[in-house]
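A.B. asks: sequence below, structure please.
(one chain, ligands or ions: 1)
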Amino acid sequence: MSGHDVVVVGSGPNGLAAAVTLARAGLGVLVLEAQPEAGGGARTLPLPGSETGLVHDVCSAVHPMAAASPFFRSFDLAARGVELVEPPVQFAHPLDGGRAGLAYRDAARTAAGLGVDGQAWLDLVGRLAADPDALLGAGLGDRRSIPPEAWKSVSGLLTTARFGLGVIEQGTRLWDRRFEGDVAPALLTGVAAHSITPLPTLAAAGTALMLASLAHSHGWPLPRGGSGAITRALLDDLEAHGGQVRTGVRVGSTADLPPARAYVFDTSPLAAAEILGSHLPQRADRALRRFRYGDAAAKVDFVLDGPVPWANAEVGQAGTVHLGGSRAQLVEAEKAVAAGRHAEHPLVLVSDPVVVDPDREVGGLRPLWTYAHVPAGSTVDPTEAVTAQLERFAPGFRDVVVSSRSTPASQMSEHDENYVGGDIAAGAVTMWQMVARPSLRPSPWSTGADGVYLCSSSTPPGPGVHGMAGWFAARQVLRDRFGRREMPDLGPTAGQRTGIGRG
Ligand SMILES: Cc1cc2nc3c(=O)[nH]c(=O)nc-3n(C[C@H](O)[C@H](O)[C@H](O)COP(=O)(O)OP(=O)(O)OC[C@H]3O[C@@H](n4cnc5c(N)ncnc54)[C@H](O)[C@@H]3O)c2cc1C
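C.D. replies: As a prediction, the model looks like this:
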């Protein structure tokens, strides 16, 4: 075999971001993917066994990070025909009694709906959204350098300081001091809970402030046609630059790897350690195996014959809905999960793509994407718990359900083995693990084995469809293995400079 310049193992958004970047640098790239289709956490497929003609997002559905990420902005999804469609309400949080917190693109409009806490929302979230680049530098950066956006201007410095103070406030018992009512804290806590950790924590507060402020700066859009549209754009570009993808090829050991000058693993750290075996120095092996996985998500994909009958009609305008009730109820639910129990009223995320994309409806039927937080490795079918939460905030929901298909947390890894025990963040979201992800090496993308790199969301900047971990890993490969410091253009037009190619 003549050999490739680089073999990428895994074709999730980070694997493909690495592959695209390396192929655009002129290298011969081969991607090996275990599943029958490429895309990992960004795939849109018919439900197995379903005859409805509907397609469902297998993992990710909503894309604030793809909209904001420097990688995808340079790659320019829109110019490649990927339409990121913003819903009228970016995200919603219904409460009992038909009340709801509604996050609009416009921070002032959001604040107007939050009554007594409107100004508190503007001070905490709205001001961060006014300087998104400083925030993105911190949130989607390499966790090894201070991004220039954060310190090169007065506004950047102020935003960074505000973010830090906001994280300390919302990540500790101080978090209720700012709010008087119950809607704004619930609205923010629904976003914090994305990190699937006990609340409050500093890491969850960082997640909450970044994602909530992105609603006001870049939106929480859904790709027309589903998340697979993002994967298709990456695959098209990779193939246009000579890259190849082989699906249905699981790499279990180094014997499965064709010869190459470098390997980039879009896998979990544990899988990397297993594959590399004795090729990994003992210390590096221990570090990868010590990486901690977090609690889990269990998914239910519904087929409905009508819209969700939300008690508050405006919730039906949202692309994402967080179910779980008040801040105190969310805290209880996440505490149960962290203690290894199933919450009586779990936190549930819901997305109805028809809100932005009427073509997702087929023959009067529509898909509804949901998942609930559950303990790691849970084998419990979440359908009844999710249905009950939906019925609580949308009485009559059961009447529009035609069918459903659940994926317990323990089965999540069957369609993407990076989600160990159903941990969709591919590693516990703690302050320590957001930096030491997967370990405290100066370059977290180097595994410690010569020429082998990790690029999955178990490396900085962590979970989400943003492609940044892939781009950072590709930058490391280009420097270490090919002596290149200049990063290639990512844009659809030749000669266009990438905004993240500062080398
Ligand atoms: C249910 C769910 C909902 C989510 N919702 C959102 C959302 O709405 N918005 C958002 O931004 N993010 C969301 N995420 C998270 C997001 O999908 C991930 O953070 C993202 O896909 C990580 O990308 P990645 O490339 O690191 O890994 P992945 O997308 O997980 O891809 C890894 C790929 O590597 C392959 N692979 C692994 N091991 C091997 C091996 N040994 N050999 C060959 N191939 C291998 C896998 O099959 C997979 O295709 C969600 C995830 C899940 C599971």
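
A.B. asks: quick one: find the helix or strand in this protein with the lowest mean pLDDT.
C.D. replies: helix 148-151 (a mean of 82; mean pLDDT, DSSP states H and E).

A.B. asks: run through who's touching the helix or strand following that one.
C.D. replies: Later in the chain than helix 148-151, the nearest helix or strand by DSSP states H and E is helix 154-170. Residues from elsewhere that reach helix 154-170 (C-beta atoms under 8 Å, 6 or more residues apart in numbering): 124, 127-128, 130-131, 133-135, 137-138, 148-151, 174-175, 177-178, 188, 192, 200, 202, 205-206, 208-210. Heads up, the C-betas are built off the backbone N, CA and C, glycines and all.

A.B. asks: give me the subset of those lying in helices.
C.D. replies: 127-128, 133-135, 137-138, 148-151, 188, 192, 202, 205-206, 208-210 (DSSP state H).

A.B. asks: selection in ChimeraX covering whichever of those are buried, please.
C.D. replies: Buried subset of the ones in helices among the contacts of helix 154-170, written as a ChimeraX selection, criterion 16 or more other C-beta atoms under 10 Å:
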select :127,128,133,134,135,137,138,149,150,188,192,202,205,206,208,209,210
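
A.B. asks: burial count for the residue nearest to residue 3 when sequence neighbours are not counted?
C.D. replies: Among residues not flanking residue 3 along the chain, residue 259 sits closest, at 3.8 Å (C-beta to C-beta, 6 or more residues apart in numbering). Neighbour count for residue 259, taken as other C-beta atoms under 10 Å: 9.

A.B. asks: what distance do you get for residue 259 to residue 474?
C.D. replies: Per C-beta to C-beta, to the nearest Å, residue 259 is found 20 Å from residue 474.

A.B. asks: before we move on, back to that, and the ones in helices among the contacts of helix 154-170 near the ligand, which?
C.D. replies: The overlap between the ones in helices among the contacts of helix 154-170 and the neighbours of the ligand (C-beta under 6 Å from any ligand atom) is empty.

A.B. asks: assumed residue 251 was part of a strand.
C.D. replies: No - Residue 251: not assigned to a strand; according to DSSP: H, G, I helix; E, B strand; the rest coil it is coil.

A.B. asks: next up, the contacts around it.
C.D. replies: With C-beta under 8 Å, 6+ apart, residue 251 has these contacts: 9, 32, 34, 257, 267, 275.

A.B. asks: which one (most neighbours) among those?
C.D. replies: Neighbour-wise, the contacts of residue 251 (other C-beta under 10 Å) top out at residue 9, 27 neighbours.

A.B. asks: what lies in contact with stretch 253-261?
C.D. replies: Residues from elsewhere that reach stretch 253-261, judged by C-beta under 8 Å, 6+ apart: 1, 3-7, 9, 30, 32, 249-251, 263, 274-277, 279, 451, 481-482.

A.B. asks: where does the protein have low pLDDT?
C.D. replies: Applying pLDDT under 70 to the chain flags the ranges 1-2, 494-503.

A.B. asks: can you list the residues of it near the ligand?
C.D. replies: So the chain meets the ligand at 9-15, 32-35, 40-42, 59-63, 65, 250-251, 266-267, 271, 297, 299, 371, 416-419, 424, 456-457, 463-465 (C-beta under 6 Å from any ligand atom).

A.B. asks: just the buried residues of these.
C.D. replies: Judged by 16+ other C-beta under 10 Å, buried ones among the residues of the chain next to the ligand: 9-15, 32-35, 40-42, 59-63, 65, 251, 266-267, 271, 297, 299, 371, 416-419, 424, 456-457, 463-465.

A.B. asks: please flag which of these sit within helices.
C.D. replies: Per DSSP H, these map to helices at 13, 14, 15, 65, 271.

A.B. asks: mind putting these into a markdown table with distance to residue 487?
C.D. replies: Formatted as a markdown table, these follow (distance: C-beta to C-beta, whole Å):
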| residue | distance to residue 487 |
| --- | --- |
| 13 | 18 |
| 14 | 16 |
| 15 | 18 |
| 65 | 20 |
| 271 | 27 |
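
A.B. asks: just flag the most distant two among these.
C.D. replies: Maximum pairwise distance in those, criterion C-beta to C-beta, is 23.2 Å, between 65 and 271.
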